[in-house]
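**Student:** Just need the structure, nothing else, for what follows:
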Amino acid sequence: MAKVEIDVIDQKILSHLAGNARMPFLEIARECGVSGAAIHQRYNKLVAQGVIHGTHLVVEPKTLGYDVCAIVEVQTRDTANYMQIVEALKVIPEVVSCHFITGKSNLLLKLYCRDHEHFMNVLMEKVRKIDGVTSTETYISLYEAFSRQVQVEESK
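**Tutor:** I've put the predicted structure just below:
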């Protein structure tokens, strides 16, 4: 995807929406010193350019009983079947993200499970049984210190 150049107003819009995706356009307009219509047009332009890709509801896993967060490195037999492995991972609901990575492993997964027994079952009966997965290495998150969107810096 091509790099998109944005101006100070677009930066302010992104900054406000990254902090609160439900912030009303009129409130953003007041903060930016432009009309609500201008914010709406700029927002639509940012969506069309691929700068904004949807809005997300953030669910706190622990409130629903998902007390284990695991990061799993996955090594695969070869690169020819990456997409089949990724498609198989997509159907495992406990896998919430999957990254292609460099280094000794090929994929990096983030999983949420109810407890260690649930995690062990998902790892051994689902992830490791995917054709092409040769090994895994697991890291259990003790506490997520922070998670955020990309910070948009204003031009100086």
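**Student:** residues touching the most centrally placed residue in the chain, list them.
**Tutor:** Computing the C-alpha centroid of the chain and ranking residues by Cα atoms, centre = their mean puts residue 97 first, at 6.4 Å. When contacts are counted by Cβ atoms under 8 Å, 6 or more residues apart in numbering, residue 97 touches 109-110. The C-beta positions use only the backbone N, C-alpha and C, and glycine is treated the same way.
**Student:** Helix, strand, or coil at residue 135?
**Tutor:** Here residue 135 is strand, with the state taken from DSSP: H, G, I helix; E, B strand; the rest coil.
**Student:** Spatially nearest residue to it (excluding sequence neighbours)?
**Tutor:** residue 75 (4.6 Å; Cβ to Cβ, 6 or more residues apart in numbering).
**Student:** would you say the one you found is within a strand?
**Tutor:** Yes. Residue state for residue 75 (three-state DSSP) corresponds to a strand.
**Student:** got the contact list for it?
**Tutor:** Applying Cβ under 8 Å, 6+ apart, we find residue 75 in contact with 104-106, 133-136.
**Student:** Could you tell me which of these count as buried?
**Tutor:** Buried by 16 or more other Cβ atoms under 10 Å: 105-106, 133, 136, out of those.
**Student:** Helix or strand: which one has the residue lying closest to residue 25 once chain neighbours are set aside?
**Tutor:** Leaving aside its sequence neighbours, residue 25 sits nearest to residue 39 (Cβ to Cβ, 6+ apart; 4.5 Å). Taking DSSP states H and E as the criterion, residue 39 maps to helix 36-48.
**Student:** quick one, helices of the chain?
**Tutor:** Here the chain has its helices, by DSSP state H, at 8-19, 25-32, 36-48, 82-90, 116-122.
**Student:** quick one on the thing from earlier: just give me the closest of the buried ones among the contacts of residue 75 to residue 53.
**Tutor:** residue 106 (24.5 Å; Cβ to Cβ).
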